[in-house]
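Novice: here is the input, now give the coordinates:
(one chain, ligands or ions: 1)
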Amino acid sequence: MKPISLIQFLIEERRAGHINAELSLLIEVVARACKRIAVATNKGALGGVLGMAGDGALSMNVQGEAQKKLDVISNEILLEANAWGGHLAACASEEMEDPQQIPDGYPKGNHLLLFDPLDGSSNIDVNVSVGTIFSVLRCPDGVTEAKAADFLQPGTTQLAAGYVVYGPATVLVLTFGHGTHEFTLEREVGSFMLSRRNIRIPEETSEFAVNMSNQRHWQAPMQRYIGELLAGTEGPRGRDFNMRWVASMVADVHRIVTRGGVFYYPLDAKILQQGGKLRLMYEANPMAFIIEQAGGAATTGRERIMALQPTALHQRVPVFLGSRSEVEVVTRYHLDADAAQG
Ligand code: AHG
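Specialist: Sure, this is the predicted structure:
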């Protein structure tokens, strides 16, 4: 069968009534911006894009995290690409405290875009996969200047979600709520080509991803669960489990979307006050949408991630996602522990 491009796929989705022209344009623009981020990422040391942002003084983002040059470059590429098309009401980013309005003089659209421009930035300088994550919401009716409160919609209302992983190949994974699909960038032509349609994540898995160095800080249900996996064939699970941790959520999620597995960033004593490590609006929600649309599950250990009512633009949550059967076990352990406590 002749391979189809992202543009052809978007036209098909419009004909099927899954998206409108404005959302189709939005995805085209984001994909084009991500191609530019891929080019910048690929240049590495030769492009002067490695290392920390800021001239001498360390540059920090709204989360209090030190910014890398590529974090700032990727954020600017996405903002600039999305300013003039007329498809957005506003956008919000991990790298900015408040939503960015569409500059005066450009038409406004009905969509809100949220993104983590360069996820896994601790991996940039060591040439390990990084990525972009994005989520699209509808701008509430009657809103002319979208504020943070207008973005605070549950993940179930997302119109689209996707990520791009800048790895050995540049790969876009996308959902509009009608399955999860993968596109691979054909560099010579400059087009994303459909490489997998309607991805299905195996229900069962023996592979987990978690930062084990945090183990001593975890809560009791997580200690119990991982203890059982590590006990392998001699333990209650009766089989061996394998572990992988890239420390780029996009890369770890892409492995799950490719061969199954689970990814966990649980609550631990060090991050109790902030509610978790990963951000709900532009990391957990879009990944949860992609995973659910591929047959997997995504919870906070207690609740479905996409059902949460967000309370802040940069809110953090615990994340448990991937192959359905394992996510159900770890979620049950949390709920059982809560019930036992009364
Ligand atoms: P950031 O957006 O700041 O690069 O965060 C990366 C996230 C996620 O991609 C990854 O899974 C996790 O942080 C890694 O955390 P640890 O450094 O604690 O392993």
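Novice: and Asn198, how many neighbours?
Specialist: A count of nearby residues for Asn198, using other Cβ atoms under 10 Å, gives 12. Where you see a C-beta, it was placed from the backbone N, CA and C, and this is true even at glycine.
Novice: run the chain-centre distance for stretch 84-94.
Specialist: Centroid displacement of stretch 84-94 relative to its chain, using Cα atoms, centre = their mean, to the nearest Å, is 18 Å.
Novice: list the buried ones in that stretch?
Specialist: Using 16 or more other Cβ atoms under 10 Å as the test for burial, stretch 84-94 gives 85, 87-94.
Novice: repeat that for stretch 252-268.
Specialist: Applying a neighbour-count criterion of 16+ other Cβ under 10 Å, one finds 252-257, 260-268 buried in stretch 252-268.
Novice: quick check: residues of the stretch 1-150 of the chain near the ligand?
Specialist: Applying Cβ under 6 Å from any ligand atom, we find that the stretch 1-150 of the chain lies next to the ligand at 65, 116, 119-122.
Novice: just the buried members of these?
Specialist: The neighbour count (16+ other Cβ under 10 Å) marks 116, 119-121 as buried among those.
Novice: which residue ranges form the strands in the stretch 201-342 of the chain?
Specialist: Taking DSSP state E, counting those that start in this stretch as the criterion, the stretch 201-342 of the chain carries its strands at 207-209, 242-243, 262-265, 278-279, 297-299, 316-317, 319-322.
Novice: now those as CSV including distance to Arg224 and mean pLDDT?
Specialist: Output for the strands of the stretch 201-342 of the chain, formatted as CSV (distance: least, Cβ to Cβ, whole Å; pLDDT from 0 to 100):
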stretch, distance to Arg224, mean pLDDT
strand 207-209, 14, 98
strand 242-243, 17, 98
strand 262-265, 13, 98
strand 278-279, 22, 98
strand 297-299, 16, 98
strand 316-317, 21, 98
strand 319-322, 14, 98
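Novice: between the ones you listed, which gets nearest to Arg138?
Specialist: With respect to Arg138, and counting by Cβ to Cβ, the nearest of those is strand 278-279 at 20.3 Å.
Novice: list the strands paired with that closest one, with their directions.
Specialist: In the sheet, strand 278-279 lines up against strand 316-317 (antiparallel) (DSSP bridges).
Novice: the strand it pairs with near the ligand at all?
Specialist: No. Judged by Cβ under 6 Å from any ligand atom, strand 316-317 makes no contact with the ligand; its nearest approach is 10.7 Å.
Novice: who are the contact partners of the residue nearest to Glu95 when sequence neighbours are not counted?
Specialist: Among residues not flanking Glu95 along the chain, Asn75 sits closest, at 4.4 Å (Cβ to Cβ, 6 or more residues apart in numbering). By Cβ atoms under 8 Å, 6 or more residues apart in numbering, the contact list for Asn75 reads 93, 95-96, 117-118.
Novice: over to Glu80?
Specialist: Here Glu80 is in contact with Ala33 (criterion: Cβ under 8 Å, 6+ apart).
Novice: also Asp338?
Specialist: Arg302.
Novice: quick one: contacts for whichever residue of the stretch 101-250 of the chain sits closest to the ligand?
Specialist: Closest approach between the stretch 101-250 of the chain and the ligand, counting by Cβ to the nearest ligand atom: Met249, at 3.4 Å. Remark: with contacts taken as Cβ under 8 Å, 6+ apart, Met249 is in contact with 119-120, 131, 133, 263, 265, 278, 283, 287.
Novice: before we move on, what's the pLDDT of the closest residue to Gln215 other than its chain neighbours?
Specialist: Once flanking residues are discounted, Gln215 sits nearest to Ile226: 6.8 Å by Cβ to Cβ, 6+ apart. Listed pLDDT for Ile226 reads 98.
Novice: would you check that Ile226 makes contact with Asn214?
Specialist: No. With contact defined as Cβ atoms under 8 Å, Ile226 does not reach Asn214; the gap is 10.4 Å.
Novice: what about those two, which has more around it?
Specialist: Between Ile226 and Asn214, counted using other Cβ under 10 Å, Ile226 has the larger neighbour count: 20 against 17.
Novice: contacts only, for the more buried one.
Specialist: Contacts were defined as Cβ under 8 Å, 6+ apart; by that measure Ile226 touches 208, 210, 212, 215, 218.
Novice: with Gly276 instead?
Specialist: Neighbouring residues of Gly276 by Cβ under 8 Å, 6+ apart: 265, 267, 300, 316-319.
Novice: could you redo the last one with a cut-off of 6 Å?
Specialist: For Gly276, the contact set (Cβ atoms under 6 Å, 6 or more residues apart in numbering) comprises 267, 316-318.
Novice: near the ligand, which residues of the stretch 201-342 of the chain show up?
Specialist: Residues of the stretch 201-342 of the chain lying near the ligand (Cβ under 6 Å from any ligand atom): 211, 247-249, 277.
Novice: between the residues you listed, which has the most around it?
Specialist: Met249 (26 neighbours).
Novice: could you dump the contacts of Gly276 to TSV with distance to Glu13?
Specialist: Below are the contacts of Gly276 laid out as TSV (distance: Cβ to Cβ, whole Å):
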residue	distance to Glu13
Leu267	37
Arg316	32
Val317	29
Pro318	33
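Novice: from Leu10, how far out is Thr144?
Specialist: 28 Å (Cβ to Cβ, to the nearest Å).
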